[in-house]
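Participant: Need coordinates for the below:
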Amino acid sequence: MASLLILVAGVLLHLSLVTSFVLRALLRPNREPSSRVAWILVILVLPAVGIGAYVLFGETNIGWKRIRAYQRVADQLRTGAARVPPASPEHDHLFRTGTSISGFSASAGNTARLLPDSNSAIDAIVADMDAAQDHVHMLFYIWLSDTNGLKIVDAACRAAKRGVTVRAMADDLGSRKMIRSEDWKRMEAAGVRLARALPVDQPLLHPIRGRVDLRNHRKIVVVDGTVTYCGSQNCADPEFRIKPKFAPWVDLMVRFEGPVALQNQKLFAEDWMVHSGEDLSDLLQSVPPAQADPGIIAQVVGTGPTVRSSAMPEMFEVLIHSARSELVVTTPYYVPSESMQAALCTTARRGVETVLILPERNDSPVVAPASRSYYPELLEAGVRIFEYRSGLLHTKSMTVDGKVSLIGSANLDRRSFDLNYENNILLEDVALTAEIRGRQDTYLDESREVSLEEVMAWSRFRRAWYNAVAMMGPVL
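Facilitator: Residues are numbered from 1 along each chain as shown. Okay, the predicted model is just below:
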């Protein structure tokens, strides 16, 4: 009798746990129906695994303490600067969308230079660090102790020793080897101020303190508040020796000079103040001078778990829908939301030349099959898909009608939409967009076009595998 009571109690406990987690998945706000279905399916079919996975990864939670800290710092730093209308009224709504996300207005009077390659980008950053007069601010998702990584370490030490204030932050998971290395200690000894973004301590407490896989994916460099860099490149060699079989990693970086640097400065300051406790408010009080020459119109768009969950998809989709003649997108990871997939298909169907460039070989065994599950619908709609064959195409770029570009750290995948802190720059300039479009052409030269006939010839097993992985995308 006692054993029967224990069995009944166990069954009731099991049912109550499953029911409570199913209800939690149903009631969680800001979640697509497909995500709810995926989580409920996992919880019902594999209760122990599903409940455990939901506790660890089911909700976008960085912890209430961090949420309050980010909100407090954001309110403190973001001022209502006068809004600058874009050069073309037809693009005004794009910059309004960006302002609604980060609070930054479009800024005029910027100049920019597209760097030739990854090594040139690092050399340019080092040159600016060596010329710094007051401060250098850096934030990287991945920082390796390789040739390029050590160039930045050495430059940071040189700058700090001559009296420049150097603040360097790295993601605690993506840069874990650097943070635990002698090179990190060497920077600290030289006077560089260091901070870890989203520290990974006491993993068992992360369900309470925040998900361990929510990361700071940003790549930001600001020198003296006047120069900044934006793009897809981590602080590492293109050979990317932690994953050498996918090398080289092909990135795009742009050096900006002008008022937009102050926007990146504020984005860096938010992360720095939350994680270090140092108040940078006084440093950020400077107001960019009025610009007679409109130059490049540019705007920083920063997203993350403490910004509304739809922010990054909104930015991508408003750009996609704005295209009238041509849209070219490059991304290493394509796991879109349903609305973004529909936006690309709709754009192609209305006669816009729509091109999507992805790597042929992907370092993620999950993203690669998930991405290809979307090929049939895209190709049937008229989207042209190219797979880059000369390494891992890591560039995240979007060019629209030869006039507007978006570059930065965000991918067209759910991690960038929901989990990662990202930084991008939206810009309006025909000349710079032409340069970025030219870089996209070099990717096309090293790519092969995927045809609808090829995709329709895939075996049933292959299609089933791709679709099965994609179905779990909202969970993974």
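
Participant: got the contact list for the residue nearest to Glu360 when sequence neighbours are not counted?
Facilitator: Spatial nearest neighbour of Glu360, chain neighbours left out: Glu387 (3.9 Å); criterion: CB to CB, 6 or more residues apart in numbering. Yep, even glycine has a C-beta here, placed from its N, CA and C like the rest. If a contact means CB atoms under 8 Å, 6 or more residues apart in numbering, then Glu387 has Ile357, Leu358, Pro359, Glu360, Ser447, Arg448, Val450 as its contacts.

Participant: Now, those that are in strands?
Facilitator: Of the positions in the contacts of Glu387, Ile357, Leu358, Pro359, Ser447, Arg448, Val450 sit in strands, assigned by DSSP state E.

Participant: that older thread, for the residue nearest to Glu360, which three-state class applies?
Facilitator: Glu387 carries the three-state label strand when classified by DSSP: H, G, I helix; E, B strand; the rest coil.

Participant: what about dumping the CA coordinates of stretch 69-78 to PDB?
Facilitator: In PDB, the C-alpha atoms belonging to stretch 69-78 read as follows (Å, rounded to 0.1, in the frame of the first residue of the first chain):
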ATOM      1  CA  ALA A  69      21.400  47.900 -14.000                       C
ATOM      2  CA  TYR A  70      21.100  48.100 -17.800                       C
ATOM      3  CA  GLN A  71      17.900  50.100 -17.600                       C
ATOM      4  CA  ARG A  72      19.400  52.500 -15.000                       C
ATOM      5  CA  VAL A  73      22.500  53.100 -17.000                       C
ATOM      6  CA  ALA A  74      20.600  53.500 -20.300                       C
ATOM      7  CA  ASP A  75      18.300  56.100 -18.800                       C
ATOM      8  CA  GLN A  76      21.300  57.900 -17.400                       C
ATOM      9  CA  LEU A  77      23.400  58.000 -20.600                       C
ATOM     10  CA  ARG A  78      20.900  58.500 -23.500                       C
END
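
Participant: tell me the centre residue of this protein?
Facilitator: With the centre of the chain defined as its mean C-alpha position, the nearest residue by CA atoms, centre = their mean is Ala410, 2.7 Å away.

Participant: Quick check, that residue in contact with Ile425.
Facilitator: No: using CB atoms under 8 Å, Ala410 is not in contact with Ile425, being 10.9 Å away.

Participant: ok, back up a step: per-residue pLDDT, the residue nearest to Glu360?
Facilitator: Each residue has a pLDDT score; the one for Glu387 is 98.

Participant: follow-up on the earlier one: please check the ones in strands among the contacts of Glu387 and keep the buried ones.
Facilitator: Burial of these was assessed by neighbour count (16 or more other CB atoms under 10 Å); the buried members are Ile357, Leu358, Pro359, Ser447, Val450.

Participant: ok, the first one - contacts?
Facilitator: By CB under 8 Å, 6+ apart, the residues touching Ile357 are 328-331, 385-388, 393, 440, 443-444, 447.

Participant: if I look at it, how far off is His394?
Facilitator: The span separating Ile357 from His394 equals 12 Å under the rule CB to CB, to the nearest Å.

Participant: again, but for the second one
Facilitator: The span separating Leu358 from His394 equals 11 Å under the rule CB to CB.

Participant: any residues in contact with both of these two?
Facilitator: The contact lists of Leu358 and His394 share Pro332, where a contact means CB under 8 Å, 6+ apart.

Participant: List just the nearest of the buried ones among the ones in strands among the contacts of Glu387 to Val45.
Facilitator: For Val45, the closest of those turns out to be Leu358, at 31.0 Å, with distances computed as CB to CB.

Participant: So for that closest one, what pLDDT did the model give?
Facilitator: Leu358 is assigned a predicted lDDT (pLDDT) of 98.

Participant: beta partners for it?
Facilitator: Partner residues in beta bridges with Leu358: Glu387, with DSSP bridges as the criterion.

Participant: what do you get for Ser447?
Facilitator: Listed beta-bridge partners, Ser447: Tyr388 (assigned using DSSP bridges).

Participant: Now for it: which residues touch it?
Facilitator: Going by CB under 8 Å, 6+ apart, Ser447 touches Ile357, Glu360, Phe386, Glu387, Tyr388, Arg389.

Participant: Check Pro289 and give its pLDDT.
Facilitator: Taken from the predicted model, the pLDDT recorded for Pro289 is 61.

Participant: Outline the domain layout of the chain.
Facilitator: Here the chain is described, according to automatic domain parsing, as comprising the domains 2-57, 64-297, 311-471.

Participant: Columns distance to Pro305 on top of these, output as JSON lines?
Facilitator: Formatted as JSON lines, these follow (distance: least, CB to CB, whole Å):
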{"stretch": "domain 2-57", "distance to Pro305": "11"}
{"stretch": "domain 64-297", "distance to Pro305": "6"}
{"stretch": "domain 311-471", "distance to Pro305": "7"}
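
Participant: any idea which of those domains scores lowest on pLDDT?
Facilitator: The weakest mean pLDDT among those belongs to domain 2-57, with a mean of 71.

Participant: can you confirm Asn467 is in a helix?
Facilitator: Yes: the secondary structure assignment for Asn467 places it in a helix, going by three-state DSSP.

Participant: Spatially nearest residue to it (excluding sequence neighbours)?
Facilitator: Skipping the residues right next to it in sequence, Asn467 comes nearest to Ser373 by CB to CB, 6+ apart, at 5.0 Å.

Participant: count of residues packed around that neighbour?
Facilitator: Here the number of neighbours of Ser373 (other CB atoms under 10 Å) works out to 20.

Participant: List the buried residues for stretch 428-437?
Facilitator: Buried residues in stretch 428-437, counted by 16+ other CB under 10 Å: Glu428, Asp429, Leu432, Thr433, Glu435, Ile436, Arg437.

Participant: gap between that stretch and the chain center?
Facilitator: 21 Å (CA atoms, centre = their mean, to the nearest Å).

Participant: Just the CA trace of that stretch, in CSV.
Facilitator: Backbone C-alpha positions of stretch 428-437 (Å, rounded to 0.1, in the frame of the first residue of the first chain) are rendered in CSV as follows:
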residue,chain,number,x,y,z
GLU,A,428,23.1,56.3,-45.8
ASP,A,429,25.8,57.1,-48.4
VAL,A,430,26.0,56.2,-52.0
ALA,A,431,29.8,56.0,-52.1
LEU,A,432,30.3,53.9,-49.0
THR,A,433,27.4,51.6,-49.9
ALA,A,434,29.0,51.1,-53.3
GLU,A,435,32.2,50.0,-51.6
ILE,A,436,30.4,47.6,-49.4
ARG,A,437,28.4,46.4,-52.4
